[in-house]
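Undergrad: give me coordinates for this.
(2 chains)
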Amino acid sequence: MSEDVQSLAKRRGFIWQSAEIYGSMAGFYDYGAMGARLKRNWENVWLKYFMGLNDNYHLIDSTNILPEAALKASGHVDSFTDPLVECTKCGHAFRADQLIEEATSTAAEELSLEEIDAKVSEIGLACPKCKGPFGKAMFFNMMFPIEVGTKGTDRAYLRPETAQGAYLNFKRHFEIMRRKLPLGLAIIGKAYRNEIAPRQGVYRMREFIQAELQIFMDPETFSDELDLSEMDGKEILVQLVDMRGKKDVQSMPCRYLIEQYKLPDFYVYHMLKVQEFYLDIIKIPKNKFRFYEKSEKERAFYNRVHFDIEVDLSTLGGFRELAGLHYRGDYDLTKHQIGSKEKMEVSLDGRKLIPHVLELSFGVDRNVWALLDIHLVDERTGVLKLPPQLAPYTFAVFPLMKKDELIPLAKEIHNLLKDDYDVCYDQSGSIGKRYARMDEIGTPFCITVDFDGLTDDTVTLRDTDTTEQKRVKVDELERIARGLASGKLKFKDLN
RNA sequence: GCGGCUGUGAUCUAGUUGGUAAGAUUCAAGCUUCCCAAGCUUGCUGCUCGGGUUCAAAUCCCGGCAGCCGCACCA
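TA: Down below sits the predicted model:
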């Protein structure tokens, strides 16, 4: 089934493997004309919603290439690098540190390659699969190394996450934005991880897009900045660690999560905001959405609270992570303060602190894929129902038939709308064919010029999702289009 | 990365005792058509890549690449 959606995504111009005429590389994907529109729209909707949470949240941009020192400080150079040993007989590779830890029950994470080789021969480690002897240990780094400069002496990496760009820029932005907390820095951009075996389409890629908002805040006062009353009576769809195996998802009052489960109120507030984003704007059905709590073992040690945002995707066989909400404490800025020797401490009302970070992290490609998965309502006909703000084209304009009389007005309407909206014009094939084409790429509204319209200046406006049609005046079209495109005007409310 | 299976126009599929590729859909052009893939005519596009065996390879053999499944990996 995933393959069906994959071929649809390809045929309709959304997404497919990069460099396909050369046989492709695993884990790299390109967006086509429809996919690029859809992705850009998702990003715009995301930006509008999350930047709207606070006047002091801003979109910035930062480089894809980072110096080694920065990634050393962040912990990536060490934690993204795994020591591997390979069996000389059967070729299987294993995590050397894990094998040693199992065998000796002592920590082996910090061992050098030489120390690992020594340990392996000392305790006589052999391949768990075939008992064959191991070769020399080697490092496998999930980060792509980059040579900068003619001699390549400046060591650098492609960034494994966009978050670091925000941390590195925190200090300057704190000054620029006049020393206020919370300060939010968002980055939408590429990140790179040299996955060993990328699979499952766009779910795990080596080059991917993240949309991340890092909120720098004072945990003592952050809640005062939020309208916590918004949580009154609201429930969150969660699966907590202690609910595993018993209940799939439970709808739980915000208050309950704060009082019973001792989650910070600002954290739950943002859970609610993220949930609203998915349910109300992206239109994910309630039964396909959940916050999935990561256990202490599953989450990175610096995350004090960590829920994944998961959506049930039929193409990927169940609930899959599309985003994460991480309370990272002051880990990141503290690390960079140590690494760079720049003070990250800020002074507020005489109190000094290193700001804490609440991270909202979204995988854009996964989210775009989820749109195709969730909103594909009919697999046979391939009908896609996308919200107007997300659809590659918001409107399509057709002459009812390819007749010289109808074409000028149709083109006129196309010109009228195309500067402000993504509009498709099509006059080839039958009218039904053209409606069907728009169904396939999720265009919500079609405007058709017919012979009646030539005399009374009206056109047919069609809601693709319901196939309902209404006649509207041409001179009202701009106003109606504005309402429909923004979502403020519903088709059913048109008279 | 290891093992198993797979790879035919834009998409889906037929085609293996080896003999120069078939169909459906799509797309384009024309005719027709007054509102969800209608019809008719014409047309475009292909055997994953490289090597080998053979008079002859989509078909057999070897290797690469890619996809799926399992294992491992996914701070």
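Undergrad: residues near A:N194, how many?
TA: By the criterion of other CB atoms under 10 Å, A:N194 has 17 neighbours. Using the backbone N, CA and C atoms, a C-beta is placed for each residue, glycine as well.
Undergrad: any idea what the spatially most central residue of chain A is bridged to?
TA: What sits nearest the mean C-alpha location of chain A, by CA atoms, centre = their mean, is A:G363, with 2.3 Å. Beta bridges link A:G363 to A:Q210 when assigned by DSSP bridges.
Undergrad: what comes into contact with the helix or strand in which A:H173 is found?
TA: Assigned by DSSP states H and E, A:H173 falls within helix A:163-176. Applying CB atoms under 8 Å, 6 or more residues apart in numbering, the external contacts of helix A:163-176 come out as A:58, A:60-63, A:66, A:70-71, A:74, A:76, A:159, A:183, A:185-187, A:189, A:210, A:212, A:214, A:216, A:332-333, A:336, A:342, A:344, A:346, A:355, A:357, A:359, A:361.
Undergrad: what about the helix or strand where A:L66 lies, distance to the chain center?
TA: According to DSSP H and E, A:L66 maps onto strand A:65-67. Relative to its parent chain, strand A:65-67 has a centroid offset of 22 Å by CA atoms, centre = their mean, to the nearest Å.
Undergrad: buried ones in the helix or strand just after that strand?
TA: Using DSSP H and E, the helix or strand that follows strand A:65-67 in sequence is helix A:68-74. Residues A:E68, A:A70, A:L71, A:A73, A:S74 are the ones in helix A:68-74 that count as buried (16 or more other CB atoms under 10 Å).
Undergrad: please list all residues in contact with the closest residue in space to the fourth one that isn't next to it in sequence.
TA: In this case it means A:A73. Distance criterion CB to CB, 6 or more residues apart in numbering; nearest residue to A:A73, sequence neighbours excluded, is A:G339 at 2.5 Å. By CB under 8 Å, 6+ apart, the contact list for A:G339 reads A:A69, A:A70, A:K72, A:A73, A:S74.
Undergrad: the fourth one and A:E342 touch, don't they?
TA: Yep, that's A:A73 we're talking about. No - at 10.6 Å, A:A73 does not count as touching A:E342 under the criterion of CB atoms under 8 Å.
Undergrad: shared neighbours of the two, anything?
TA: Common neighbours of A:A73 and A:E342 (CB under 8 Å, 6+ apart) are A:H336.
Undergrad: coming back round to it: mind putting the contacts of A:G339 in a markdown table, pLDDT included?
TA: As requested, the contacts of A:G339 are exported to a markdown table (pLDDT from 0 to 100):
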| residue | pLDDT |
| --- | --- |
| A:A69 | 94 |
| A:A70 | 95 |
| A:K72 | 92 |
| A:A73 | 94 |
| A:S74 | 93 |
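Undergrad: dump those to JSON lines, plus distance to RNA strand B.
TA: Formatted as JSON lines, those follow (distance: CB to the nearest atom of the strand, whole Å):
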{"residue": "A:A69", "distance to RNA strand B": "17"}
{"residue": "A:A70", "distance to RNA strand B": "14"}
{"residue": "A:K72", "distance to RNA strand B": "13"}
{"residue": "A:A73", "distance to RNA strand B": "13"}
{"residue": "A:S74", "distance to RNA strand B": "9"}
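Undergrad: check what pLDDT the closest residue to RNA strand B within chain A gets.
TA: In chain A, the residue that lies nearest RNA strand B is A:T467 (2.1 Å; CB to the nearest atom of the strand). A:T467 carries a pLDDT value of 92.
Undergrad: neighbours of it, how many?
TA: A:T467 has 10 neighbours, counted by other CB under 10 Å.
Undergrad: next: A:A118.
TA: Residues within reach of A:A118, counting by other CB under 10 Å, total 13.
Undergrad: show me what the mean pLDDT comes to for stretch A:415-430.
TA: Per-residue pLDDT over stretch A:415-430 has a mean of 94.
Undergrad: what's the answer for stretch A:196-208, then?
TA: 90.
Undergrad: where do the helices sit along the stretch 201-350 of chain A?
TA: All helices of the stretch 201-350 of chain A, identified by DSSP state H, counting those that start in this stretch, fall at A:254-259, A:265-276, A:331-340.
Undergrad: so which of the ones you listed is nearest A:M438?
TA: Among the helices of the stretch 201-350 of chain A, the nearest to A:M438 by CB to CB is helix A:265-276 (28.9 Å).
Undergrad: pLDDT below threshold where in the stretch 101-250 of chain A?
TA: Along the stretch 101-250 of chain A, segments meeting pLDDT under 70 span A:102, A:105-111, A:127-133, A:152.
Undergrad: near RNA strand B, which residues of it show up?
TA: Within the stretch 101-250 of chain A, the positions near RNA strand B by CB under 7 Å from any atom of the strand are A:M142, A:P160, A:E161, A:E195, A:I196, A:A197, A:P198, A:R199, A:Q200, A:G201, A:R204.
Undergrad: let me have the residues you listed in CSV, adding secondary structure and neighbour count as columns.
TA: Below are these laid out as CSV (DSSP: H, G, I helix; E, B strand; the rest coil; neighbours: other CB atoms under 10 Å):
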residue, secondary structure, neighbour count
A:M142, coil, 17
A:P160, coil, 22
A:E161, coil, 20
A:E195, coil, 14
A:I196, coil, 11
A:A197, coil, 7
A:P198, coil, 20
A:R199, coil, 10
A:Q200, coil, 13
A:G201, helix, 21
A:R204, coil, 17
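Undergrad: now the residues you listed in TSV, with distance to A:I236?
TA: Formatted as TSV, those follow (distance: CB to CB, whole Å):
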residue	distance to A:I236
A:M142	32
A:P160	30
A:E161	26
A:E195	31
A:I196	35
A:A197	34
A:P198	32
A:R199	31
A:Q200	28
A:G201	29
A:R204	27
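Undergrad: out of these, who's nearest A:E412?
TA: Taking CB to CB as the measure, A:E412 lies nearest A:G201 of these, at 41.8 Å.
Undergrad: can you pull the contacts of the closest one?
TA: Counting by CB under 8 Å, 6+ apart, A:G201 touches A:S2, A:Q6, A:Y29, A:T315, A:L316, A:W369.
Undergrad: ok, A:F80 next?
TA: A:N141, A:M142, A:M143, A:P160, A:R193.
Undergrad: and the helix holding A:H173, how far from the chain's centre?
TA: On CA atoms, centre = their mean, the centre of helix A:163-176 falls 21 Å from the chain's centre.
Undergrad: tell me the first helix or strand C-terminal of it.
TA: Heading C-terminal from helix A:163-176 (DSSP H and E), you reach strand A:183-192.
Undergrad: tell me which strands that next one pairs with, and in which orientation.
TA: Sheet pairing of strand A:183-192 (DSSP bridges) gives strand A:57-59 (parallel), strand A:207-217 (antiparallel).
Undergrad: run the angle between it and helix A:163-176 for me.
TA: Inter-element angle recorded for strand A:183-192 and helix A:163-176: 150 degrees (by axes from the mean of the first three to the mean of the last three CA atoms, to 10 degrees).
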